[in-house]
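1. Predicted model follows, preceded by the sequence.
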Amino acid sequence: MHDKLSVYSLEELRISLIKKRNNSTFPHLLIVDYNNFFQSALKFNNVNVAEAFLEEFINEYKYAVSQIESFGSDIEYILNSLKEIYLFQNLFSPISFLENEIERIEKEISKLKNILDGKDQNVSSERKATFPLIYKNNSNGFYGIIESATINIKKSSSENKFIIIPSEKNIEENILTQCKNSWELALNLSKRFVKKLNDFHEVIISFDKKEGFYEGNSLSMAITFSFLKEILKYYNLTYTVNLIGNIAFTGGVETNGEILNTGKEIIEHKINTLFFSDTKVFVFHKDDEIFARKRLNELNEKYQNRKLKYEPFDNIDSILNRRDLVDIKKQKLIVRSLKFVKKNWVSSVATIVLAILLAFVFVADWDDNPAILDVSANTLFVKNKSGKVLWTKKMNFNTVIMNLRLLKKSALLADINNDAINEVILINEPYSEIYKKNDFTKIVCFDKTKNIVWQYNFRDTITANSGPLDIFYGVSLMDTISLRGKNVLFCVAANENSFSSAIFQIDLKTGKRLFGTLWNSGHIIDGLFKDFDRNNKKELIAAFYNNGFEQVGLLAIELNELNGQCPTTIKYTYKNFPFANLKEYILFPKTDFAHYHNQRMEGIIDALIDHIEQEVIAIHLSPYYGSNVNYSYLLHYDLRNFDVVISNLFRSKRDSLVVNGKLKLPFTDTEEYCNILKSQIKYWNGKEFVFRKDLD
């Protein structure tokens, strides 16, 4: 008898495995259960026991092992189990097949390790839209795959038909609604390129991995892009749509193009799956960003060179406008002609001749209205709505910008005079040009042909109680708002050598400075304009550092009240400036973790992420510079009440200090600790700072 397991217990394992197999649509996903059973039987080291218990499962086991993929899961623990089982090949010869499978899996894992080490893989520039799938019933860790679909479109005479492969009933019920919504959306998007569509189509959707465990709304975005690509190909149109590189999507879509979020647990599991793959970019709803960032930071603690990026969006149009993600370009005439000949060979000669004549007449794309801003390295590309480059501009980007929110701080489109033609507002021109002209804070407005309409330099002088401050400011763009009958550009100026910072306003049409500047004794990081109190007037909420109090926080102010200075200590107070009439000015406490690491102030990692469905604004803070430790405050739309979200890494790092007696209880990811932080948040009441309990 085996010293840890009796034959009776082994029989119970056998019965349990049979039940799981019979109740699973895809038994090969029970690889961990198969491994456990095979290991248990083989460790009896008895030929008769091995044959009696394993013979009936060997064919199923071979298939399950053959389906193991390195991409999608951290499978080294599965590989180790296979190696342990293979050691018993002399006892039970049918498992000798594992030798080749182990070699195959090791080669795949080697490729995965290169990706985790940050070594670029050779991939084609145009790829299918993929989406991660999670198998939830595996109790031993997670199992994920990267799925895609092959689409085939035909004309239908009487109704739209959707043929799904594999076509098991439970699969179709889970995904048919998603496919119909995605199809309707793709048709609407294609109308930008197609003049006349057939009334009905037959659409064959063949899932490439054919796993079939498609629950939730995982595939809608990916299927939408696959549909759109194939619709344009089917109608042999001038334009093609292709994804650039290895891009994965998750989230449902409405027929109006709005993307649906997936939630904390699912997005974390999908980050896991894509992290262990060759995926370069993950696209999802922006409400899931906080969860994705936390999980990605945790994974990067172990694999610091893995280059997985994410892009949060709330609608399909925003994705289509990103030329670093989606390539929309014209087909060459000869390519379209050859496709037409293949499909319509009877009338091909006359059609090709006519197409060539028309091409010479209409070859130019006359649309010169700037509609898309794109960036690569240190070059900004100004494009029309079709993706044609109108002009370029060298910029002073310190890093490669891969996020629209960051790009908008340096460049934005605005119709300054309401003539339906966009102008381009820029900062961050190359230092070589700036230093020649001494234009350190220049904001420039270019017209559609790159001519300068106006430019403005922020050169305000200001004196604090500690002394006068220099005029070397860096500027970032916030947003454009219609205010008091004008189109107004709001900007942030931050002193390069000191603490002064200001939000100021410019008339978009003339480039002239408008009245109203809000000063803060610490740099202002970001701003968001929103009608929080639903009075049809937008307020401004901004994230800031306060050098006087050595804390970070959030402020809110009515746009018509934008003037004066924010509260601070006497040393950092500006002379001859009144205090502003602020709606809110909130200071966050410095955590005991930050005090332990002697941090003067905690860092603002990212700020003002608007989670519309939950009606909260997120600000993500780091209590220790140079690390991935972070936590978040979620400010409710009432601009008073907060929730606190603790990242796993922050919990782990701080709890270790608590266990070792270096910090006091309670533990970090507890209601008690979160309440301690919330109880220490300070609110400006117009005269002094008070705690939340003293406001009502």
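-> Looks like it came in fine. Worth saying up front: this structure is predicted, and the values here are computed from it rather than measured. Numbering: from 1, shown residues only.

2. So what touches stretch 452-467?
-> Residues outside stretch 452-467 that contact it (CB atoms under 8 Å, 6 or more residues apart in numbering) are 416, 423, 439-447, 468-469, 471, 473, 475, 491, 493, 500, 502, 504, 506, 510-513, 517, 519, 521, 570-577. Placement of C-beta: from N, CA and C, glycine included.

3. show me what contacts the nearest residue to Arg14 once chain neighbours are set aside?
-> Using CB to CB, 6 or more residues apart in numbering and skipping residues adjacent in sequence, the residue nearest Arg14 is Phe53, 6.0 Å away. By CB under 8 Å, 6+ apart, Phe53 lies in contact with 10-11, 14, 37, 41.

4. what does the model give Lys111 for pLDDT?
-> On the pLDDT scale, Lys111 is placed at 87.

5. The residue nearest to Arg14 looks like it's in a helix, true?
-> Yes: counting by DSSP: H, G, I helix; E, B strand; the rest coil, Phe53 is found in a helix.

6. which one among the contacts of Phe53 gets closest to Met221?
-> Proximity of those to Met221 (CB to CB) peaks at Phe37, which lies at 38.5 Å.

7. Can you tell me the centre-most residue of the chain?
-> Centroid-nearest residue in the chain: Glu311, 2.8 Å away (criterion: CA atoms, centre = their mean).

8. Surely that one touches His285?
-> No: Glu311 lies out of contact with His285 (CB atoms under 8 Å); the separation is 10.8 Å.

9. can you list contacts of the longest helix that the chain contains?
-> Counting residues, the longest helix in the chain under DSSP state H turns out to be helix 169-190. By CB under 8 Å, 6+ apart, the residues outside helix 169-190 that reach it are 25, 160, 162, 164, 197, 203, 205, 212, 214-215, 217, 219-221, 223-225, 227-228, 231-232, 235, 252-257, 316, 320.

10. Report the distance from it to the chain centre.
-> Relative to its parent chain, helix 169-190 has a centroid offset of 23 Å by CA atoms, centre = their mean, to the nearest Å.

11. same thing with stretch 464-478?
-> 33 Å.

12. what does stretch 287-306 give?
-> With CA atoms, centre = their mean as the basis, the mean position of stretch 287-306 lies at 11 Å from the chain mean.

13. Quick check: buried residues in it?
-> Neighbour-count burial for stretch 287-306, counted by 16 or more other CB atoms under 10 Å, picks out 287-300, 303.

14. ditto for stretch 643-657
-> Buried, per 16+ other CB under 10 Å, within stretch 643-657: 644-647, 649-651, 653-655, 657.

15. can you redo those as a markdown table with distance to Phe691, secondary structure and pLDDT?
-> Below are those laid out as a markdown table (distance: CB to CB, whole Å; DSSP: H, G, I helix; E, B strand; the rest coil; pLDDT from 0 to 100):
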| residue | distance to Phe691 | secondary structure | pLDDT |
| --- | --- | --- | --- |
| Val644 | 15 | strand | 94 |
| Val645 | 21 | strand | 92 |
| Ile646 | 21 | strand | 92 |
| Ser647 | 25 | coil | 88 |
| Leu649 | 29 | helix | 87 |
| Phe650 | 23 | helix | 92 |
| Arg651 | 25 | helix | 91 |
| Lys653 | 27 | helix | 91 |
| Arg654 | 23 | helix | 94 |
| Asp655 | 26 | helix | 94 |
| Leu657 | 26 | helix | 94 |
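
16. And the furthest pair within those residues?
-> Val645 and Leu657, at 19.8 Å, using CB to CB across the buried residues of stretch 643-657.

17. Show me where the stretch 351-500 of the chain has its helices.
-> 404-407, 431-437 (DSSP state H, counting those that start in this stretch).

18. looking at the ones you listed, which has the lowest confidence?
-> helix 431-437 (a mean of 48).

19. picking up where we left off before, just among the contacts of Phe53, which is most surrounded?
-> Neighbour counts for the contacts of Phe53 peak at Ala41, which has 26 neighbours (criterion: other CB atoms under 10 Å).

20. so what's the backbone phi/psi at that residue?
-> Phi and psi for Ala41, reported as degrees, to the nearest 10, are phi -70, psi -40.

21. Can you tell me how far it is from Leu98?
-> Separation of Ala41 from Leu98 (CB to CB, to the nearest Å): 15 Å.

22. Name the nearest of the buried residues of stretch 643-657 relative to Phe549.
-> Among the buried residues of stretch 643-657, and counting by CB to CB, the member closest to Phe549 is Val644, at 19.9 Å.

23. picking up where we left off before, just the buried residues of the contacts of helix 169-190.
-> 164, 203, 205, 212, 214, 217, 219-221, 223-225, 227-228, 231-232, 235, 252-253, 257, 316, 320.

24. In strands, which of those residues fall?
-> 164, 203, 205 (DSSP state E).

25. Format those as JSON lines; extra columns: pLDDT and distance to Ser190.
-> What follows is those, written out as JSON lines (pLDDT from 0 to 100; distance: CB to CB, whole Å):
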{"residue": "Ile164", "pLDDT": "79", "distance to Ser190": "21"}
{"residue": "Val203", "pLDDT": "87", "distance to Ser190": "13"}
{"residue": "Ile205", "pLDDT": "84", "distance to Ser190": "17"}
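
26. Pick out whichever of these sits closest to Val32.
-> Ile164 (28.6 Å).

27. quick one, strands of the stretch 551-696 of the chain?
-> 551-558, 564-565, 584-587, 603-611, 616-622, 631-636, 642-646, 682-684, 689-691 (DSSP state E, counting those that start in this stretch).

28. out of the ones you listed, nearest to Asp368?
-> When the strands of the stretch 551-696 of the chain are compared by CB to CB, strand 603-611 sits nearest Asp368, at 33.4 Å.

29. what's next to stretch 639-655, contact-wise?
-> Contact with stretch 639-655 is made by 290, 294-295, 297-298, 301, 532, 541, 556, 583-584, 591-593, 616, 618, 623-624, 627-636, 663, 667-669, 673-674, 677-678, 681, 683, 692, 695, as judged by CB under 8 Å, 6+ apart.
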